[in-house]
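Engineer: Predicted model and sequence follow; I will ask about them next.
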Amino acid sequence: MPYKAIREIGEFGLIDKIAALAEPTLQAVPELLKGIGDDCAIYQPSGKLLQVATTDLLVDQVHFDLLTTPLNHLGSKAISVNVSDICAMNAFPRFALVSIAIPPSFSTEMVEELYKGMSHAAKEYGLAIAGGDTSSSRSGLIISVTIMGEVEPEKLTKRNGAKPGELICVTGSLGGAAAGLKLLMREKAIMLDHFENNEPYNKSVMADLKEYSEAIQCQLLPTARLDIVRFLHSRNICPTSMIDISDGLSSELHHICRQSNTGALIHESRIPISASTRRVADELQDDAITWALTGGEEYQLLFTIPKEEYELIDDYKEISVIGEVTDPDSGVFLSDIYGMRIDLATIRGFDHFGR
């Protein structure tokens, strides 16, 4: 039989194929309102609240590098990236199941450091680590986290509700995680080159990273925006669509537009990028707006609301309006600082299979 390499269809093409194969199984559980295709699966038990569930893998040398990532930071990040998916449904996390596959070279103390980070993050988000599984691994550390959350049915937000004319909003600032990753990779390369040349360890070879602490924290210790969910609930705002930014602003905006059957126009001048991120980009002779569009690992929230609700968010500094939803024939575009329109179909974020 002929074979097709995964890279020919890309990560999201692969997800589409898996979803089609899984679709018939949904008939067995009518209480499951949504399976593959959003940030979480959605389950409606007999009670008043909807339950949402998400799971993520973190794999050594794919999602992290232990040469640049402290284990307690990694544990915290493993929890945060899953809580972020719960937040993207406008929901609240309740409990987590954590499974890890551990290389034989790991010590007990290393595993303890990992779980200290998880426990700290769980306490910050008000969720319980309720169980999981452990295994050995011959190919590096692997972490799998599953989190259950809940939300009132009328406040549930999915990706597919955006409508032309609505505002496109984003939380926090973007590009910082990419800046932090670039810095860490630079320092790793310097360190490895130093040792490959059999030079004695000299601390002065490494840069003083204190001035880059904001960017590095964005990469190593991202925070899920549970505060935004609380704010939305407090103002009785229910976004028409929402997604968290894990693969870059451009990719996530395409997800919303694809599932909502809309287009979008965002403005470069409105995309929030911190001064520290721009400074790192200048130092590394790179482009901060490209990091914001494609860098990923931000775990900020991208959402849409009707224009008449703008006054409900206008006074909240953590939310920026960056554009508006357009009709599906208009495509997905960025208006740059010169007024030129750039087709974001040509600028996409992270894809695990490199399409």
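Structural biologist: That came through fine.
Engineer: Can you list the buried residues in the worst-scoring helix or strand of the chain on mean pLDDT?
Structural biologist: The weakest-scoring helix or strand in the chain, judged by mean pLDDT, DSSP states H and E, is helix 10-22 (a mean of 77). Neighbour counts over helix 10-22 (16 or more other C-beta atoms under 10 Å) mark 10, 11, 12, 13, 14 as buried. Every C-beta, even on glycine, is put in place using the N, C-alpha and C of the backbone.
Engineer: And for stretch 66-74?
Structural biologist: Across stretch 66-74, burial judged by 16+ other C-beta under 10 Å covers 68, 69, 71, 72, 73, 74.
Engineer: quick one: which of those sit in helices?
Structural biologist: If you go by DSSP state H, those have 71, 72, 73, 74 in helices.
Engineer: Which of these sits closest to residue 153?
Structural biologist: Residue 153 has its nearest neighbour among these in residue 74, at 35.2 Å by C-beta to C-beta.
Engineer: Test my guess that the closest one contacts residue 63.
Structural biologist: No - applying C-beta atoms under 8 Å as the test, residue 74 and residue 63 come out as separate, 9.0 Å apart.
Engineer: so what's the residue most central in space within the chain closest to, chain neighbours aside?
Structural biologist: Taking C-alpha atoms, centre = their mean, the centroid of the chain lies closest to residue 246, which sits 2.3 Å from it. Spatial nearest neighbour of residue 246, excluding adjacent residues (C-beta to C-beta, 6 or more residues apart in numbering): residue 296 at 5.7 Å.
Engineer: For that neighbour, grab phi and psi.
Structural biologist: With angles defined as degrees, to the nearest 10, residue 296 sits at phi 70, psi -170.
Engineer: can you pull the pLDDT of it?
Structural biologist: Listed pLDDT for residue 296 reads 87.
Engineer: Kindly report the same for residue 110.
Structural biologist: Looking at residue 110, its pLDDT is 90.
Engineer: ditto for residue 353
Structural biologist: On the pLDDT scale, residue 353 is placed at 49.
Engineer: mind listing the helices for the protein?
Structural biologist: Under DSSP H, the chain gives helices at 10-22, 71-87, 108-125, 176-196, 213-220, 226-234, 249-260, 275-283, 288-294, 310-313.
Engineer: Most tightly packed of the ones you listed?
Structural biologist: Of all the helices of the chain, helix 71-87 has the most neighbours on average by mean count of other C-beta atoms under 10 Å, namely a mean of 25.
Engineer: what's that helix packed up against?
Structural biologist: strand 50-59, strand 92-102, helix 108-125, strand 142-151, helix 213-220, helix 226-234, strand 241-244 (3 or more C-beta pairs under 8 Å, 6 or more residues apart in numbering; DSSP states H and E).
Engineer: re the thing from before, export the helices of the chain to a markdown table and append columns for distance to residue 59.
Structural biologist: Shown next, in a markdown table, are the helices of the chain (distance: least, C-beta to C-beta, whole Å):
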| stretch | distance to residue 59 |
| --- | --- |
| helix 10-22 | 14 |
| helix 71-87 | 11 |
| helix 108-125 | 14 |
| helix 176-196 | 16 |
| helix 213-220 | 17 |
| helix 226-234 | 25 |
| helix 249-260 | 20 |
| helix 275-283 | 26 |
| helix 288-294 | 21 |
| helix 310-313 | 37 |
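Engineer: Tell me where the protein is predicted with low confidence.
Structural biologist: In the predicted model of the chain, residues 1-2, 6, 11, 46, 194-208, 348-355 satisfy pLDDT under 70.
Engineer: returning to that earlier point: residue 37 is nearest to which of the helices and strands packed on helix 71-87?
Structural biologist: Nearest to residue 37 among the helices and strands packed on helix 71-87 is strand 241-244; the distance by C-beta to C-beta comes to 11.4 Å.
Engineer: Packing partners of that closest one?
Structural biologist: Using 3+ C-beta pairs under 8 Å, 6+ apart: strand 241-244 touches helix 71-87, helix 249-260, strand 301-305.
Engineer: Okay, now the sheet partners of the shortest one, with direction.
Structural biologist: Paired neighbours of strand 301-305 in the sheet (DSSP bridges): strand 167-171 (antiparallel), strand 241-244 (antiparallel).
Engineer: Now do the longest one and helix 71-87, the angle between them.
Structural biologist: Orientation note: strand 167-171 sits at an angle of 160 degrees relative to helix 71-87 (axes from the mean of the first three to the mean of the last three C-alpha atoms, to 10 degrees).
Engineer: Who are the contact partners of residue 104?
Structural biologist: Residues in contact with residue 104, defined by C-beta atoms under 8 Å, 6 or more residues apart in numbering, are residue 136.
Engineer: Would you mind measuring from it to residue 133?
Structural biologist: Computed as C-beta to C-beta, to the nearest Å, the residue 104 to residue 133 distance reads 17 Å.
Engineer: again with residue 150
Structural biologist: Separation of residue 150 from residue 133 (C-beta to C-beta): 24 Å.
Engineer: Show me which of these two is the more surrounded one.
Structural biologist: The residue with more neighbours, out of residue 150 and residue 133, is residue 150; 19 against 10, by other C-beta atoms under 10 Å.
Engineer: How about that one, nearest residue that isn't a chain neighbour?
Structural biologist: residue 49 (4.5 Å).
Engineer: Surely residue 304 touches residue 165?
Structural biologist: No - if you go by C-beta under 8 Å, residue 304 and residue 165 don't touch, sitting 9.9 Å apart.
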